[in-house]
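A.B. asks: let me see the structure of the following:
(2 chains)
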Protein chains: 2
Amino acid sequence: MAVYTDVSDEELDAFVAEYEIGDVISYKGIAEGVENSNYMLRTNGGDGTYFLTLYEKRVAPEDLPYFLGLMEYLAGRGISCPLPVHGRDGQALRTLSSRPAAIVTFLDGMSVRRPRPQHCAMLGEGLARLHLAGTEFPMHRANALSVRHWRPLYMRCAKRADDFADGLGAELDAELQQLENRWPENLPAGVIHADAFPDNVFFLRDRLSGFIDFYFACNDALAYDIAICLNAWCFEGDGAFNVTKARLMLAGYQAVRPLTSAELGALPLLARGSALRFLLTRLHDWLFPVDGALVRPKDPLEYLHKLRFHRDISGPGAYGIDE
Amino acid sequence: MAVYTDVSDEELDAFVAEYEIGDVISYKGIAEGVENSNYMLRTNGGDGTYFLTLYEKRVAPEDLPYFLGLMEYLAGRGISCPLPVHGRDGQALRTLSSRPAAIVTFLDGMSVRRPRPQHCAMLGEGLARLHLAGTEFPMHRANALSVRHWRPLYMRCAKRADDFADGLGAELDAELQQLENRWPENLPAGVIHADAFPDNVFFLRDRLSGFIDFYFACNDALAYDIAICLNAWCFEGDGAFNVTKARLMLAGYQAVRPLTSAELGALPLLARGSALRFLLTRLHDWLFPVDGALVRPKDPLEYLHKLRFHRDISGPGAYGIDE
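C.D. replies: Numbering: from 1, shown residues only, chains lettered A, B, ... in the order given. Have a look, this model is predicted:
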């Protein structure tokens, strides 16, 4: 949960006056979001309810036009996601309390705390639609947390990794070498969400109602986005992989966008890579907590178990798909 | 900021189904409130926006009927405050995620981060109206943090008080003795808010738009509520007492409910007591942090300076009133 920046009412009034959404009648800091400060904003004009985000230091300001542009692009192509609101001067990205800030429309819906198989099916379908909708998005942003960025992260954590689990350093080193050597190139690529965890996918009346939090979105292999979701949606709280959830997720995806055989074959490796990426960033956040962070670091070892699962399977058949 | 209890969507759906406010279409944990877990709730029926509170362990469940009853009572007498929503069975107090919980109406408005003199005038007037409106409230709750509760709090902190400031333990002990000996009895009494800090008073379009957070409300000397506000509203960030703010607050109050000479004469002592009360609870929270608390303890010494101010003045004339 996070409100890192305290916005005064005077600053907020002046900020909102730059939009045609009426006057502020209420704003509340929202206890979610790890990276940024989020407020629910109520006004006496426009939609009446909006979402205000102040981008804190972990978001690179130069990436914001990509993120906001992508949300607007996707929303214009039928993908339900927050729509950036433009000010009277046409700008969606402004400054508030010395931070980049934007107002977006409020998206109804709720994330599911414990996804059921049917949620995974809807997620797969929605993710494929998002991928197709983003095909022609004209901006480009490299994945800043892909395979070539993992070793520098690992190096910062290596000395203290064994404090976490015996032999963790050596295991990560070996895993990194394999992934670096075997990481697939030339898979179908495009815009990926890259953080479509259950927190960031909304459902309403048993339908997927939208995606939020596009602040890791980038251009990368589409199948890598699926690999992230396999890890984030298809393991149970006790660590067990739920093959039913994976099968439904992949079937939902393929009903909209069939995977190539190269993508299918690469899935286990991509899933290992995705597990390593979240393991490393969590390990890093644990070992180097940000001063003033109001969020407890997540357990890195959850992703060590997931990594091992994908390393130990014989192929993508373990995800419930026909090979 | 606080969301101590994570509510699942299934639990929430079942909970909201007990009210006639439609179905949940969104809920967000709110990053405010020290004691309880708060959610902004949006539904497709009724007002559309509500406030859901789960009462955590620092609120005694047996006090909740008083707090909720008081809000309903005051709202029915023209005081703007959240109105508890009754379920289909007539009950406003229910259980959610094993905690007492209630839905109240959403109150528009914003707290002021840096109150200006005019805010203090409006607060004074609003507080007097609240006091008058509560006169006939039939329930009773003793102030659980009044003079006779301070020494036990002090005793728990005494050994480590000097770690905070040299001589703090002895100073608090002496102060306590004086307050215990001289604490005024028989002042006009009634329902007081007892926590009307700037956080808990909303303004909208330069008018006071309501009071929130009645979870310290109790029956006590009305002037003690003013004393709390003198401390909470009339000191500047640098510790200086702003006599203009105090004068306007007291004038605003007296325009609605004139103070008796006994009340005026008691104000400095009540203000010392109020300062000691917040000093002690802050000191206690600092020395004995609650496991899992997501709020940083507030600085106790802020209230030591306030206490000394009130001890050193010659009389209530220091608050800008004619004696």
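A.B. asks: which ones are touching residue A:121?
C.D. replies: A:248-249, A:251-252 (Cβ atoms under 8 Å, 6 or more residues apart in numbering or on different chains). To be clear about C-beta, it is placed using only N, CA and C from the backbone, and glycine gets the same treatment.
A.B. asks: neighbour-wise, which of these leads?
C.D. replies: Per-residue neighbour counts (other Cβ atoms under 10 Å in any protein chain shown) across those peak at residue A:249, which has 28 neighbours.
A.B. asks: measure that residue to chain B for me?
C.D. replies: 19 Å (Cβ to the nearest Cβ, to the nearest Å).
A.B. asks: residue A:304 too?
C.D. replies: Taking Cβ to the nearest Cβ, one finds residue A:304 at 24 Å from chain B.
A.B. asks: with residue A:6 instead?
C.D. replies: Using Cβ to the nearest Cβ, one obtains 7 Å as the distance from residue A:6 to chain B.
A.B. asks: on the three-state scheme, that residue is what?
C.D. replies: coil (DSSP: H, G, I helix; E, B strand; the rest coil).
A.B. asks: contacts only, for it.
C.D. replies: A:97, B:113.
A.B. asks: show the pLDDT at it.
C.D. replies: Looking at residue A:6, its pLDDT reads 75.
A.B. asks: mind listing what the closest residue to chain B within the stretch 101-250 of chain A touches?
C.D. replies: Chain B sits closest to residue A:108 of the stretch 101-250 of chain A, with a gap of 4.4 Å, by Cβ to the nearest Cβ. Contact analysis of residue A:108 by Cβ under 8 Å, 6+ apart lists A:202, A:204, A:209-210, B:25-26, B:42.
A.B. asks: now it: how far from residue B:41?
C.D. replies: Residue A:108 sits 12 Å away from residue B:41, going by Cβ to Cβ, to the nearest Å.
A.B. asks: what does residue A:81 give?
C.D. replies: 22 Å.
A.B. asks: rewinding a little: joint contacts of residue A:108 and residue B:41?
C.D. replies: Listed as contacting both residue A:108 and residue B:41 by Cβ under 8 Å, 6+ apart are residue B:26.
A.B. asks: for the contacts of residue A:108, which one is nearest residue B:197?
C.D. replies: residue B:42 (27.4 Å; Cβ to Cβ).
A.B. asks: could you say what helices and strands the helix or strand that contains that closest one packs with?
C.D. replies: Applying DSSP states H and E as the criterion places residue B:42 in strand B:37-43. Secondary-structure packing of strand B:37-43 (3 or more Cβ pairs under 8 Å, 6 or more residues apart in numbering or on different chains; DSSP states H and E): strand B:24-29, strand B:49-54.
A.B. asks: could you pull up phi and psi at the residue of the stretch 101-250 of chain A closest to chain B?
C.D. replies: When read as degrees, to the nearest 10, the backbone of residue A:108 gives phi -70, psi 160.
A.B. asks: what is the burial count for the residue nearest to it when sequence neighbours are not counted?
C.D. replies: Spatial nearest neighbour of residue A:108, excluding adjacent residues (Cβ to Cβ, 6 or more residues apart in numbering or on different chains): residue B:25 at 4.4 Å. Neighbour count of residue B:25, defined by other Cβ under 10 Å: 18.
A.B. asks: residue B:25 and residue B:43 touch, don't they?
C.D. replies: Yes. Using Cβ atoms under 8 Å, residue B:25 is in contact with residue B:43, at 6.2 Å.
A.B. asks: pick out the most distant pair among the contacts of residue A:121.
C.D. replies: Pairwise distances across the contacts of residue A:121 peak at 7.4 Å for A:249 and A:251 (criterion: Cβ to Cβ).
A.B. asks: quick check: neighbours shared by these two?
C.D. replies: Common contacts of residue A:249 and residue A:251, defined by Cβ under 8 Å, 6+ apart, comprise A:121, A:124.
A.B. asks: and the longest helix for chain A?
C.D. replies: The single longest helix within chain A, with elements called by DSSP state H, is helix A:261-287.
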